[in-house]
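>>> The sequence and its predicted three-dimensional model are supplied below.
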Amino acid sequence: MEISEIIHEQSYTRQIIENKNSYYGFYNAGSMSEFDVIVVGAGPAGASAAIKLASAKANVLLVDRADPPGSKNVSGGVLWGDSLSQVAPDWEKGPVERYVEAKGVSFLTKDSRISIDFRSKKFGEYKSGYTVLRTKFDAWLAKKAKDSGAMVVSGVTVDRLSMKDGKVIGVEQGGETITSDAVILAEGANSRIAIDSGIKKKPSDRNIALGIKEVIKLPEKTITDRFGLSSAKMGFASEYVLGFLEGGVRAGGFLYTNKESLSIGAVISMGDLRKNNQTYSFNIIEQFKEHPFIAPLLEGGRVEEYSAHLVPEGGLTVDSIYGKGYMIAGDAAGFTFSNGLVLQGMNYAVVSGIVAADSFLQRKEKGIEAGANFSNYMDNLSGTFVMKDMKNFKGVDAVTWSKSIHQTIPAIAEEAMLNIFSENGEPKKHMLKILLKSMAGRKESKKELAVDLYRMMRRL
Amino acid sequence: MTLEIVVMIKQVPDSQEVVIDPVTFTLNRSAARNVINPADENAIEAALRIKDKEKDVHITVITMGPPFAETALIDAMARGVDDAILVSDRAFAGADTYPTGLTLAATITRMGKFDIIFAGEESTDSSTGHVGPGVAEFLGIEQASYTSSTWIEDEFVYADRELEDGIETVRMKSPCLITVLTNSNVPRNPTLRMKIDSIKKGIKTWSLADIGLKPEWVGLKGSPTIVKSMRTINEKKREGKKFKAGEMDKFVDELVSKGILKL
Amino acid sequence: MKIEERLSLLNYKIDKSYEHITVNPSICETCPDHFCTFACPAKCYSLIDKKLNFKYEDCVECGTCDTACSHGSVAWTNTKGGHGVKYKFG
């Protein structure tokens, strides 16, 4: 055998031995539980929690029902901020797609587009975000967790939390209980375990929206040129208000650039879709793609993947994000934010996962008992932007999904713009006059618009 | 006495993800993630069903492959397989079916006593079906290929072979080798308990030195197959035409005129 | 692009021994809205001769139908053993 092969073999064996040692835990001496913490769900929340815990030498199991881990995870695709660097300092060198240097917000009417296209050199100083494709990204994060010493199990579906005397003592799978001092539930928006364990209600139309997405393949250079980006590492991310959809179904759109593909999708109001009851959800994204100002951006592209996922809406969707022996993190807790300008979830997931891990470690230091109440999780989260945003923007969904945002304002703006820019041989009018005239011509009550505008000022 | 079963498995690129390059029309395997070869999952299940029924059965799963094949072995253990051996060495690279069979046969010999060896009928990435029967030949034991079920009765090993014109039941003395048809059973799922235990237990990794073969017998050097050239078959143009229920004659005429049907 | 075409791009590991979602036909028979047929993004629910037809094989496991059905017909569980949809990009 060549020397390089011997080294290869040895390092591989050593890695196995090291991993094995870590499984037997360092904290676990006084506890009866098999694991310190079982983390359910290998998304940004779960993996961040597992990395944090394993790095602190806790005995942690990260279990994901997909195999490989992350292959059932979907999101629009921008990971905003830099919270992940707390557990994965090199994440920007991981499988990220493009750094967002251009951010757009557009209102689309049937024939027009009214946009803000924001580009700033200051995006070099202020961290914006990276576009990511979750299957790759989450597998990378799960690997990080494994390398940190967590045991990672994929392809097994946890059935429910295991309860004893009102406390969570581990998880149940296939009729067997795996015990732990704490469970961090990070199973995502479609939270079956929380629902089946009786700690979360089935979501109603009000607290979820339906996200539908396509990944469209395009050459790297085409994307860079088409979106006016400064290099192949730089990206564009835009949200859209889709005010033109058939049947008046309200939906938001998004379009993000990856290295060699675009992520395009729609987030659809369940309540609207139900009221309408004749528009097929899967056709809405096609209407978006065919819009005269979207189609040219996709030209020449080939659809590589179609996906759908629930999007939590309206903030916290559980009565309590913690209890005896458990904490809920990420989408499962309802930690998402959308105000029409940005759609965020992954950064909240990362932070809540880390804080959940910290909260466990904090309790552990003081000699935790199995099934302790993790009220400190809430306290610790309150100091972060996660809970602050949840509080400050409570009720923002009323604005995001308002008729004003989706129809009235775009229509008024369109009419006003046409008046301002079309040359019809008449003398120019004042801007205010044009706006008032546009508004006066509308059927919608001015009161409704005023209420929505007031809400907007307060909440955005 | 313990009944020793060996299951030979292979990791292959997920055939659902192997895409055809739209420009060059060649297979792009690199886009595909690895999975356990589907027929091998059925082979594992066939072995486990014997373990379910018989007393004192010990199953070892083996594979020749790179270190990341550990995932497949752990998965097999989590379904109920007792032990796993990964035979991994740079020297094995580039092996065709001949040295692969030899390597696996040497591994099994090195393991000691064995009664039944299971393998999938063929792998989805090369579809030769050579390796299983090859191992039986190297070991000089009886074999039954393309089987749909296996059982033990009066110290004999029985297997149903699914052939084109019927099912043939064969009776063999152990040791013997059996290759298992894809979809001949529904593989069970790993459980969390068993996944955890399998990861804790770990797999054994053997190198070329461990199985006592010479470097020139394995890998590319030991492979008699030489690929002279490869061509892509051009896709035939397809067309669609509709015929009404009463136009059978027209339909037949059309097929004849296109040369699809010969009268 | 037709939904069937889009779904054909997906990699599924279909579980032949377990249907993770089931519907109650007697409830669907009297359903006034069949909202599931509009809501499900994978067209798993369709009306054939005015009768609800459900297939679990195309499911992308989003959970939409569980909320969409307000009549209690849908019984939703997770897929098991790594079965179901397996995204490449996500």
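Ah, there it is.

>>> contacts and neighbour counts: CA atoms only from here.
Noted.

>>> give the contact list for residue B:155.
residue B:173 (CA atoms under 8 Å, 6 or more residues apart in numbering or on different chains).

>>> What's the first helix or strand after the helix or strand hosting residue A:235?
With elements taken from DSSP states H and E, the one containing residue A:235 is strand A:234-242. Using DSSP H and E, the helix or strand that follows strand A:234-242 towards the C-terminus is strand A:251-257.

>>> That next one pairs with which strands?
For strand A:251-257, the pairing partners within the sheet under DSSP bridges are strand A:234-242 (antiparallel), strand A:261-269 (antiparallel).

>>> for chain C, what are the nearby residues on chain B?
Taking CA under 8 Å from any CA of the partner chain as the criterion, the neighbours of chain C within chain B are B:16-17, B:186, B:189-191.

>>> what is the mean pLDDT for the helix or strand encompassing residue A:435?
Secondary structure assigned from DSSP H and E places residue A:435 in helix A:431-440. In this model, helix A:431-440 carries a mean pLDDT of 75.

>>> Could you list the residues in contact with that helix?
In contact with helix A:431-440 (CA under 8 Å, 6+ apart) are residues A:412-413, A:415-416, A:419-420, A:446.

>>> Got phi/psi on residue C:14?
Backbone torsions of residue C:14, given as degrees, to the nearest 10, read phi -80, psi 130.

>>> Quick check: it vs chain A, distance?
13 Å (CA to the nearest CA, to the nearest Å).

>>> could you list every residue that touches that residue?
Shown here is residue C:14, whose contacts under the criterion CA under 8 Å, 6+ apart are C:57, C:83-85.

>>> out of the residues you listed, which are inside strands?
Within the contacts of residue C:14, residues falling in strands by DSSP state E are C:84-85.

>>> interface residues of the stretch 1-150 of chain A facing chain C?
The interface of the stretch 1-150 of chain A toward chain C, taken as CA under 8 Å from any CA, is made up of A:65-67, A:71-75, A:133-136.

>>> residues from chain C in reach of chain B?
Counting by CA under 8 Å from any CA, the residues of chain C that sit close to chain B are C:11, C:16-17, C:80-81.

>>> Buried subset of these, written for ChimeraX?
Taking 16 or more other CA atoms under 10 Å in any protein chain shown as the burial criterion, the selection of buried members of those in ChimeraX is written as:
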select /C:11,80,81
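
>>> Can you pick out the most distant pair from the residues of chain C next to chain B?
Distance extremes for the residues of chain C next to chain B: the farthest pair is C:11 and C:17 at 18.1 Å, using CA to CA.

>>> that older thread, name the residues of the helix holding residue A:435 that come out as buried.
Under the neighbour-count criterion of 16+ other CA under 10 Å, helix A:431-440 has A:434-435, A:438-439 buried.

>>> All the strands of the stretch 1-150 of chain B, in order from the start?
Secondary structure of the stretch 1-150 of chain B by DSSP state E, counting those that start in this stretch: the strands cover B:3-8, B:11-13, B:19-20, B:27-28, B:34-36, B:57-64, B:83-87, B:116-120, B:142-153.

>>> Please identify the deepest-packed of those.
Compared across the strands of the stretch 1-150 of chain B, strand B:116-120 shows the largest average neighbour count, a mean of 27 (mean count of other CA atoms under 10 Å in any protein chain shown).

>>> Give me the angle between it and strand B:3-8.
Per axes from the mean of the first three to the mean of the last three CA atoms, to 10 degrees, the angle that strand B:116-120 makes with strand B:3-8 is 20 degrees.

>>> what about dumping the CA coordinates of stretch B:194-210 to CSV?
Output in CSV follows, covering the C-alpha atoms of stretch B:194-210 (Å, rounded to 0.1, in the frame of the first residue of the first chain):
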residue,chain,number,x,y,z
MET,B,194,-31.2,0.5,15.3
LYS,B,195,-29.7,3.5,13.5
ILE,B,196,-28.3,4.8,16.7
ASP,B,197,-27.0,1.4,17.7
SER,B,198,-25.5,0.8,14.3
ILE,B,199,-23.6,4.1,14.3
LYS,B,200,-22.4,3.3,17.8
LYS,B,201,-21.3,-0.1,16.8
GLY,B,202,-19.6,1.1,13.6
ILE,B,203,-18.4,-0.8,10.6
LYS,B,204,-15.1,-2.7,10.0
THR,B,205,-12.9,-1.4,7.2
TRP,B,206,-10.6,-3.8,5.5
SER,B,207,-7.9,-3.0,2.9
LEU,B,208,-6.2,-4.9,0.2
ALA,B,209,-3.6,-6.2,2.7
ASP,B,210,-6.4,-7.6,4.9
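
>>> So that stretch, near chain A or not?
Yes: between stretch B:194-210 and chain A, judged by CA under 8 Å from any CA, the touching residues are B:195-196, B:199-200, B:202, B:208-209.

>>> Can you turn the buried part of those residues into a ChimeraX selection?
This is the ChimeraX syntax for the buried subset of these, where burial follows 16+ other CA under 10 Å:
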select /B:195,196,199,200,202,208
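
>>> So which of the residues of stretch B:194-210 next to chain A is the closest to residue A:384?
Proximity of these to residue A:384 (CA to CA) peaks at residue B:196, which lies at 34.5 Å.

>>> which non-adjacent residue is nearest the closest one?
Leaving aside its sequence neighbours, residue B:196 sits nearest to residue A:153 (CA to CA, 6 or more residues apart in numbering or on different chains; 7.4 Å).

>>> Likewise for residue B:66?
With CA to CA, 6+ apart as the measure, residue B:88 is the residue that lies nearest to residue B:66, at 5.7 Å, once sequence neighbours are left out.

>>> Just the pLDDT at the one you found, thanks.
Residue B:88 carries a pLDDT value of 96.

>>> Equivalent analysis for the one 3 residues further on, please.
Residue B:91 is assigned a pLDDT of 94 by the prediction.

>>> mind listing what the residue nearest to it when sequence neighbours are not counted touches?
In space, residue B:91 comes closest to residue B:219 once its chain neighbours are excluded; the distance is 5.6 Å by CA to CA, 6+ apart. With contacts defined as CA under 8 Å, 6+ apart, residue B:219 is in contact with B:91-96, B:99-100.

>>> Which of the residues you listed fall within helices?
If you go by DSSP state H, the contacts of residue B:219 have B:99-100 in helices.

>>> thinking again about what came up before, can you tell me which of the residues of stretch B:194-210 next to chain A is nearest residue B:263?
Taking CA to CA as the measure, residue B:208 is the one of the residues of stretch B:194-210 next to chain A closest to residue B:263, at 59.1 Å.

>>> Residue B:221 versus the closest one, what's the distance?
The span separating residue B:208 from residue B:221 equals 14 Å under the rule CA to CA, to the nearest Å.

>>> Overlap of the contact sets of these two?
By the contact definition CA under 8 Å, 6+ apart, residue B:208 and residue B:221 are jointly contacted by residue B:215.

>>> any idea of the pLDDT on residue 244?
Since no chain was named, I'll use chain A. Here, the pLDDT recorded for residue A:244 equals 91.

>>> Switch to chain B, please.
Model confidence at residue B:244, given as pLDDT, is 88.

>>> Let me have the buried residues of helix A:431-440 in TSV, adding distance to residue B:226 as columns.
Rendered in TSV, the data for the buried residues of helix A:431-440 read as follows (distance: CA to CA, whole Å):
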residue	distance to residue B:226
A:434	79
A:435	78
A:438	77
A:439	78
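
>>> ok, those vs chain B, which is closest?
Chain B has its nearest neighbour among these in residue A:438, at 50.9 Å by CA to the nearest CA.

>>> Tell me the spacing between that closest one and residue A:416.
Using CA to CA, one obtains 6 Å as the distance from residue A:438 to residue A:416.
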